[in-house]
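Novice: Any chance you can model this:
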Amino acid sequence: MSTPSNGDRSDTNQSRLSQENTTTIAISTTTSAAIVLGRNCLAQITFPDAFTGTTVDIHGSQTLNGTYTPIYTTLGLELLQLTVSASESRSISIDPAKTAGYKYIKLVASSQAAARLITFTTITAF
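Specialist: Prediction:
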């Protein structure tokens, strides 16, 4: 097995590769830049210390410039609404199956007082 580089890492206990990237919620906005999943699934999100949101929704789309809508469960419940304490760095694990099939996602939070860089980890699809 080759050694990953550029933020990629491989877990010898898993057969899937993970990749760490970032997205930004710009100052005075509520929605992040698009996160390109392609054939990957979202596995983890890390919020910075100064993040001022309390909830974050994950919206999905099949096209980059398409309409992003909340992701729901088969029971009609909002699938991915995360609770984040203000002014506290926090990493949240996500069941990768929850974003399987979406090519693009965006994070939607309350308005930020400054630009916020959010780190996320994806893994290769099943």
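Novice: and L64, how far is that from G38?
Specialist: Taking Cβ to Cβ, to the nearest Å as the measure, L64 falls 11 Å from G38. (Each C-beta comes from the backbone N, C-alpha and C, glycine too.)
Novice: Need the residues touching each of these two.
Specialist: Shared contacts of L64 and G38, defined by Cβ atoms under 8 Å, 6 or more residues apart in numbering, comprise K103.
Novice: Assign K98 to helix, strand or coil.
Specialist: Each residue gets one of three states, and K98 gets helix by DSSP: H, G, I helix; E, B strand; the rest coil.
Novice: Please tell me the pLDDT value assigned to it.
Specialist: Here the pLDDT value assigned to K98 is 85.
Novice: Check L107 too.
Specialist: pLDDT recorded at L107 is 92.
Novice: what's the answer for L80, then?
Specialist: Confidence at L80, expressed as pLDDT, is 65.
Novice: and the next element down the chain from the lowest-mean-pLDDT helix or strand in the chain?
Specialist: Ranked by mean pLDDT, DSSP states H and E, the helix or strand of the chain with the weakest confidence is strand 8-10, at a mean of 42. Using DSSP states H and E, the helix or strand that follows strand 8-10 towards the C-terminus is strand 17-25.
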